[in-house]
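Let's see this in three dimensions:
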Amino acid sequence: MAFEQVKLTYDETAKHIKTQAQHTQKMIKEEFEKLHQFLRDEEAARIAALREEEEQKSQMMKEKIEKMSREISSFSDTTRAIEEMMRADDITFLQCSV
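The predicted structure is shown next:
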């Protein structure tokens, strides 16, 4: 009878240990899932911030390139106008010399 009582106590203890281990395993998995979700969210946020920064910098460079293109075009127009005036002055000069 004492042996059966000890065996029953050991069985209950073993069952309790198994239940406790299962509960602890569940808690560990839940905590790691929370950490994984946090990391996924953090990754998404950083990638979004990087894309936003890339977009802003690309837009800024596009605007600078457009401004530079306008300035080059204006400079080319001015250069052509000066060359035409110089040619006209040459013709006027040559006509006066004759």
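
Check which helix or strand the spatially most central residue of the chain maps to.
The chain has residue 50 as the residue nearest its centroid, 2.0 Å off, counting by Cα atoms, centre = their mean. If you go by DSSP states H and E, residue 50 is part of helix 2-97.

Remind me what that helix packs against, helices and strands.
The helices and strands touching helix 2-97, judged by 3 or more Cβ pairs under 8 Å, 6 or more residues apart in numbering; DSSP states H and E, number zero. Bear in mind the C-beta positions are built from the backbone N, C-alpha and C, glycine included.

what about residue 62, neighbour count?
Applying other Cβ atoms under 10 Å, we find 10 residues neighbouring residue 62.

Then residue 15?
Close neighbours of residue 15, defined as other Cβ under 10 Å, add up to 10.

Ok, residue 63 next?
Using other Cβ under 10 Å: residue 63 sits among 10 other residues.

what's the answer for residue 76, then?
10.

contacting residues around it?
Residues in contact with residue 76 (Cβ atoms under 8 Å, 6 or more residues apart in numbering): none are found.

If I look at it, what pLDDT would I see?
The model reports residue 76 with a pLDDT of 94.

So it versus residue 70, what's the distance?
With distances taken as Cβ to Cβ, to the nearest Å, residue 76 is found 11 Å from residue 70.

and if you look at residue 31?
From residue 31 over to residue 70 the distance is 59 Å, taken as Cβ to Cβ.

since we're on residue 77, how many residues are nearby?
Counted by other Cβ under 10 Å, the residues lying close to residue 77 total 10.

hang on, I meant residue 75
Residues contacting residue 75 under the criterion other Cβ under 10 Å number 10.

Repeat that for residue 53.
Residues lying near residue 53 (other Cβ under 10 Å) number 10.

wait, what's in contact with it?
With Cβ under 8 Å, 6+ apart, residue 53 has no contacts at all.

so what pLDDT did it get?
Per-residue confidence (pLDDT) for residue 53: 98.
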